[in-house]
Structures are given as C-alpha cells and as structure tokens.
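**Student:** Here is my input, please return the structure:
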Amino acid sequence: MRFLLTALLFAVSLTVSAQTAPQLSLAANAWLLIDHQTGQVLTAHNPDERIEPASLTKLMTAYVTFSALRAGTITLDQEVAVSETAWRMTGSRMFIEPGRPVTVEQLINGMIVQSGNDACVALAELIAGSEEAFTHLMNREAQRLGMRNTNFANSSGLPDEQLYTTATDLALLASALVRDFPEYYPLYSQKEYTYNDITQPNRNRLLWLDSTVDGMKTGYTRAAGYCLVSTALRGPRRLISVVLGAESETVRAQESLKLLNYGFQFFDTVRLYGAEQEMSRVQVWKGIVNDVPVGFLDDFVMSLPKDGAQRVEAALASHQPVMAPIQRGQELGTLTLSVDGRLLGEYPVVALQDVEVAGFFGRLWDALRLWIKSL
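**Tutor:** The predicted model follows:
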C-alpha cells in the first residue's frame, strides 16, 4: 500500500505544485525537489533529461556496499588488499596503497567524505571480484529501485559513454539510501576525514552553511558541470534536492540551499488520514454484516502548498457490488482528492476488517436482492 501511494503521488504532484506555489528558477541545467516521506515532487526542471552523474555515481556504490554489509558478505573491520588498479585510479582519491592495511570502514569513509575513486574500486573488487562485475550489481539495484533512465558503467563516476542518469532517478536513489540504511546514512554528515595522514574536507558546502543539512554527495566533470544531491531535516520533515549542471561549487551550493528553503517555506507535509481511521463504510453483499469500514492501513500523508489541507476535497467511490468474504487490506474503493477543483490524484482505499460469508439464507436473500436490482 505505502509503495503504491508513493508512486501515485510522485506521478501527479508536479502539476499541482506548479499551479499553487510560486515559480522557481535556478542557475542550473536541471533540478528536482522531493518530500522524502511522501515521495512527491515539489518542483522540477528537466528532471528526466539524461546527464552524466560524475561522482554522484558513488551514491549507488554506497548503496550496494551497505547491502553487502547487511547481508554479512563483508564486515566493517575486514581488511582489504589494495590492487594495483585501485591504487592507480585518477581523479579524487583517499590515497590507499598496495601493502598498506585498509579496512572496509575506512574505504567507506574515503568514498563518502573524500569521494575517493580508489576507495570505490577497492570496495567493488572486494564485493564482486571486479569493478565490471560490481557494475552489474549497481544496475540490478537501479532497476529494482525504479531508476528507469540510469545505467552505470563504473563505480566511481569517471566519464564513460555508457554512464548516465537523471535528476528523477538520483532523487529515488538518495531517498532509498536514507530509508533503507539509517545505520549508515549519518556518515554523509561528516565534514572531514583523515587517512594516510591526509585530511580532506567534505565537498558538500551545505554542511557548513545550514545545520539542518546532513548529506549527501557532490559531483563534477567538465561535461556534467557542478552537481549536488543534498537533503535537510527540519523538524519531522525531510526534503531531498538534486541540482545538476551548475557553473561552480559556490553556485551549486547556493542553488541547492535555495531549492531546499523553497520546499520548506511553501509546502507542508500533512497527515490527511490516520492509520486505521474509518473514512466511510462500504456496503457488503452476502456477508455476515451489511457494511465494512474502509480507510488506509498506514498514515496517509501528502505534501501540499501552505494551507492547502483546508481546501482538499475528497470523494469516495466503492467498487460495487462488494461480495463477502472480504479480507482486511483488500481494495474496496477509490478516493479522489482535489484542491480548488484541481485533481491531486486517485488512491485505493481498503477494508479495515475481515468480513465472513453469511449463512445459506443470508446469501440467498442477497442474491435475490441483487437480481431484483439488476432488472
């Protein structure tokens, strides 16, 4: 249920936000802002345009690494042999060396904080045997997460014709990291990390500019421009922003903060219906009762423009005739929501209780009533 609602919200919210909140313009080629809890897009520009992700690729490298840790195939204190390939990596590095002990935990910090390409290759070779095999794992996870316009060609983000993604897919990945690995996600808030007596700062300037920002990742190549996926937690609300193709480090930080502030300023995350809350009752045929309460098994939350919750209009249509037996959680109707006459979306509502089949005479009576009704 929760996944289905999120998918629906993600699909419809762009039109709503564009019509009910101020327009936003950023100095970047593409951008996207989502509410982490609901998955709704609050604003976007060129969200599905394919771009070169540069070091934002490391978000998926981290996701696969965290998955391996959880599966127990690697451990944080495990020592890793550094290959010649990893040692010779170009670009940003954490400066690992063959013959010098390094642990999985150190490599993860080097990948996240120092954006070490060498750390990425060392982890890829440890987990999958080779970087090429590791990219198969990356693409498998991308498909599972719904990243439909993404293909990974390496673990570090170095330029490759077969390496591409979109702002939409990066937002999905960032949200999945926060959701699926709360035990590891705090690593993204570290401002610096030291390895081999070399201290390097986190390239995410927002960690210094705004105390509510606790991640995530920067990227840069000449083709991609300056990119930043960032997220902020203010009270119970978490927003995730993606800014791609800015002209400098300063601009990508400024525009990312502008995007986050826009979302917190002009939108609220609202619980429209509580978990197990009875919204209405739906008529039941051939059951031991004549109707059943319907609603949502989980809290139903949406991101709406400020004060939008007071203007939400709801209409419930049941899938008649509803026949017993009915299982709790069974879809029985559709809730249509709109604001000021503009459609927000249509969402399935479910039975909040089981309903058993009536006895012989009860079923016979309802069968007769249905027959008469059909005449």
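**Student:** Counting neighbours, what do you get for the spatially closest residue to S241 that is not a sequence neighbour?
**Tutor:** Counting by CB to CB, 6 or more residues apart in numbering, S241 lies nearest to L259, which is 4.4 Å off, once chain neighbours are set aside. Any C-beta I mention is one placed from the backbone N, CA and C, and that applies to glycine too. Counted by other CB atoms under 10 Å, the residues lying close to L259 total 25.
**Student:** start at 627 instead
**Tutor:** Yes, from this point I'll number from 627; that puts the last item at L885.
**Student:** Quick check: L885 vs P947, distance?
**Tutor:** From L885 over to P947 the distance is 49 Å, taken as CB to CB, to the nearest Å.
**Student:** what about F892, how many neighbours?
**Tutor:** Burial of F892 is recorded as 16 neighbouring residues (other CB under 10 Å).
**Student:** phi, psi of it?
**Tutor:** In terms of degrees, to the nearest 10, the main-chain angles of F892 are phi -110, psi 0.
**Student:** roughly how far apart are it and K932?
**Tutor:** In terms of CB to CB, F892 sits 6 Å off from K932.
**Student:** thinking L796 is in contact with I866, fair?
**Tutor:** No: between L796 and I866 there is no contact, the gap being 9.0 Å when judged by CB atoms under 8 Å.
**Student:** which residues are common contacts for these two?
**Tutor:** When contacts are counted by CB atoms under 8 Å, 6 or more residues apart in numbering, L796 and I866 are jointly contacted by V855.
**Student:** Quickly find the element holding the residue nearest to S867.
**Tutor:** When elements are assigned from DSSP states H and E, L885 belongs to helix 875-892.
**Student:** Now stretch 760-780: average pLDDT?
**Tutor:** Computed over stretch 760-780, the mean pLDDT rounds to 98.
**Student:** Next, the contact list for the nearest residue to D840 once chain neighbours are set aside, please.
**Tutor:** Nearest residue to D840 in three dimensions, chain neighbours excluded: S815, at 4.2 Å (CB to CB, 6+ apart). Under the criterion of CB under 8 Å, 6+ apart, the contact list for S815 reads 833, 840-841.
**Student:** ditto for L650
**Tutor:** Applying CB under 8 Å, 6+ apart, we find L650 in contact with 669, 884-885, 888.
**Student:** 6 Å instead?
**Tutor:** Taking CB atoms under 6 Å, 6 or more residues apart in numbering as the definition of contact, the neighbours of L650 are 669, 888.
**Student:** Likewise for A793?
**Tutor:** With contacts defined as CB under 6 Å, 6+ apart, the neighbours of A793 are 656, 658, 673, 868, 870.
**Student:** same thing but at 7 Å, please
**Tutor:** By CB atoms under 7 Å, 6 or more residues apart in numbering, the residues touching A793 are 656-658, 670, 673, 868, 870.
**Student:** farthest pair in those residues?
**Tutor:** Greatest spatial distance in these: A670 and L870, 11.2 Å, computed using CB to CB.
**Student:** In the strand or helix carrying S801, which residues are buried?
**Tutor:** Here S801, judged by DSSP H and E, is contained in helix 793-806. Judged by neighbour count using 16 or more other CB atoms under 10 Å, the buried positions of helix 793-806 are 793-804.
**Student:** What mean pLDDT does that helix get?
**Tutor:** Mean pLDDT, taken over the full extent of helix 793-806, equals 98.
**Student:** so how far is it off the chain centroid?
**Tutor:** 4 Å (CA atoms, centre = their mean, to the nearest Å).
**Student:** swap in stretch 945-953?
**Tutor:** Its chain's C-alpha centre lies 34 Å from the corresponding centre of stretch 945-953 when counted by CA atoms, centre = their mean.
**Student:** Next, the buried residues of it.
**Tutor:** Going through stretch 945-953 with 16+ other CB under 10 Å, the ones that come out buried are 948, 950, 952.
**Student:** So which of these is the closest to A750?
**Tutor:** Nearest member of these to A750, counting by CB to CB, is I952, at 49.6 Å.
**Student:** Not counting residues beside it along the chain, what's closest to that closest one?
**Tutor:** Leaving out its chain neighbours, I952 is closest to V981 (CB to CB, 6+ apart), at 4.0 Å.
**Student:** The one you found reaches A950, doesn't it?
**Tutor:** Yes: in this structure V981 lies within contact range of A950 using CB atoms under 7 Å: 4.9 Å.
**Student:** Helices of the stretch 677-826 of the chain, residue ranges please.
**Tutor:** Assigned helices in the stretch 677-826 of the chain, in chain order: 684-697, 710-713, 730-738, 743-754, 757-770, 793-806 (criterion: DSSP state H, counting those that start in this stretch).
**Student:** Please disregard the earlier target; I meant the stretch 827-976 of the chain.
**Tutor:** 832-835, 875-892.
**Student:** out of the ones you listed, nearest to E758?
**Tutor:** When the helices of the stretch 827-976 of the chain are compared for distance to E758 using CB to CB, the nearest one is helix 875-892, at 30.8 Å.
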